[in-house]
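K.L.:
here is the input, now give the coordinates:
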Amino acid sequence: MATTSQTPLRFFGSLSIIATTLFFTTSFAEIRFTELRSDGRSTIPFDEFGFTPSGRLELNVSGISLSIPDGDLSQVGFFLCTRDSCFHVLEQVIRREIRCPLNSDVIKRVFTFDKLQNADRYDTIFTVSDANQFTLVFANCVPNLKVSMNVLSSMYNLDAKTDRRDYLSAGKTNLPWIFFIFFLIYSSLAGLWTYVLYNKRLSAFRIHFFMLAVIILKALNLLCETEDKSYIKRTGSAHGWDVLFYIFSFLKGITLFTLIVLIGTGWSFLKPYLQGKEKKVLMIVIPLQVIANVAQVVIDETGPYGQDSYTWKQVFLLVDVICCCAVLFPIVWSIKNLREAARTDGKAAVNLMKLTLFRQYYIVVICYIYFTRVVVYALETITSYRYQWTSVVASELATLAFYVFTGYNFRPKVHNPYFALDDEEEEAAAEALKLEDEFEL
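P.N.:
Okay, the predicted model is just below:
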């Protein structure tokens, strides 16, 4: 009786975590290998994938060792469930309609361990004819049973015309050419920016060459991501392109945040040095970006349901929020310094232009951070699995718009528009600066 009463509670926590996590993960793909050693968890999610009507799951389980060999092995095995069916199973367990997720009629049972017949391995190819997003889950409904095994899983869709395997989820199969298009766009931007720097080389500052480096790293990052997703799509493995992607993603992330900080301080085009507090911001942002990139690598490599992936996701979100907040401080300091200078140096029109520019940049940075961290995440969560590529396109378009805005407004200029102003413009600017509320953040 004690076992019967505890069984629903035993699965309640695990199924709740899986059901909740399904809302906050996107479909991963590729061939994945997992080792389990004396694992007593009641449910273990492995991977998630968006299937078409011609979907396949290849599952190879080897080195199977059970701590209780004579248990009811029909209550141990693998199954596929959708987001909705996972919640339904959870309700069935709470209502005590079933004791094990494998007994539910809303899941797709792949195989149970009673089919082993004393063997230590099992290989199967499971056909998925229902187009939907499924999660591969291992269920262990035998109390005190601990399982050791090696699991090699690969999920893919077959092309209707060529019968070729596609290891990318149904909603992400278009990502390779999407990333390649953006690579071409950023390569064109790098060429255009190089042309601008050559023609305006007398008025170009070090920050403008740093902008060129950021654009080039972004283009290389997209190229590596194109190859990474392309190889995964065809073979299920990145063939080393994921390493290059992580390297350029790391460099792109650090240089972008550094660029925002440097522009916010006015380095090189307003002043040739950084103040102590501005250097401290860089000393905070750069190490945090290192941690964020390490967290991203762990999350990608262990999959959405790895034992430590949840912890690393929290680390990544915390570090990302801190970095996003930190880069705003130099812009705020520059606006305050320009406002104070406007009261003392008598150059009202010049300071008004600078204030307007930095205030616009402050707003754009906030909008960029909000859109890429919140709006894109919301879009990714609510969009059907078939259209998961839309969140990637939205994020890349927002990033492209931010790059273009930054480059256009802080481009090198031969003739400084801050000068050659008449008295009427100067007086009008002085009146505008008196309206303190207009420049409140």
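K.L.:
partner strands of the host helix or strand of D47, with direction?
P.N.:
Using DSSP states H and E, D47 maps to strand 43-50. Applying DSSP bridges, strand 43-50 is found paired with strand 133-140 (antiparallel).
K.L.:
buried ones in the longest helix along the chain?
P.N.:
When the chain is parsed with DSSP state H, its longest helix is helix 206-235. If you call a residue buried by 16 or more other Cβ atoms under 10 Å, then helix 206-235 has these buried ones: 207-208, 210-212, 214-233. (Glycine included, C-beta is placed from N, CA and C.)
K.L.:
now swap in stretch 161-171 and tell me
P.N.:
165-171.
K.L.:
mind listing residues that contact it?
P.N.:
27-31, 48-52, 56, 131, 133, 154-159, 173, 175, 229, 232-236, 383-389 (Cβ atoms under 8 Å, 6 or more residues apart in numbering).
K.L.:
for that stretch, the distance to its chain's centre please.
P.N.:
Distance of stretch 161-171 from the chain centroid (Cα atoms, centre = their mean, to the nearest Å) equals 23 Å.
K.L.:
may I have that stretch as CSV, with CA atoms only?
P.N.:
Extracted in CSV, the C-alpha atoms of stretch 161-171 (Å, rounded to 0.1, in the frame of the first residue of the first chain):
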residue,chain,number,x,y,z
LYS,A,161,10.9,12.9,-52.9
THR,A,162,14.4,11.8,-52.2
ASP,A,163,14.0,9.8,-49.0
ARG,A,164,17.0,11.8,-47.7
ARG,A,165,17.3,12.2,-43.9
ASP,A,166,16.9,15.6,-42.4
TYR,A,167,18.2,15.7,-38.8
LEU,A,168,17.0,19.3,-38.2
SER,A,169,13.6,19.7,-36.5
ALA,A,170,10.7,20.5,-38.8
GLY,A,171,10.6,24.1,-37.7
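K.L.:
which residue ranges form the strands in the stretch 101-250 of the chain?
P.N.:
Counting by DSSP state E, counting those that start in this stretch, the stretch 101-250 of the chain has strands at residues 108-112, 122-128, 133-140, 147-158, 165-166.
K.L.:
now the helices: where do they sit in this protein?
P.N.:
2-21, 83-94, 175-199, 206-235, 241-265, 276-302, 309-326, 328-342, 348-370, 376-382, 389-409, 423-434.
K.L.:
what is the neighbour count of V319?
P.N.:
Per other Cβ atoms under 10 Å, the neighbour tally for V319 reads 21.
K.L.:
distance check, it against C81.
P.N.:
32 Å (Cβ to Cβ, to the nearest Å).
K.L.:
cool, V214 as well?
P.N.:
For V214, the distance to C81 equals 43 Å [Cβ to Cβ].
K.L.:
what does V281 give?
P.N.:
46 Å.
K.L.:
between these two, which one's more packed in?
P.N.:
C81 (27 against 23).
K.L.:
how close does the nearest residue to the more buried one once chain neighbours are set aside sit to N132?
P.N.:
Excluding the flanking residues, the one nearest C81 by Cβ to Cβ, 6 or more residues apart in numbering is I107, at 4.7 Å. The gap separating I107 from N132 is 12 Å, by Cβ to Cβ.
K.L.:
and the residue nearest to C81, how many neighbours?
P.N.:
With other Cβ under 10 Å as criterion, I107 counts 20.
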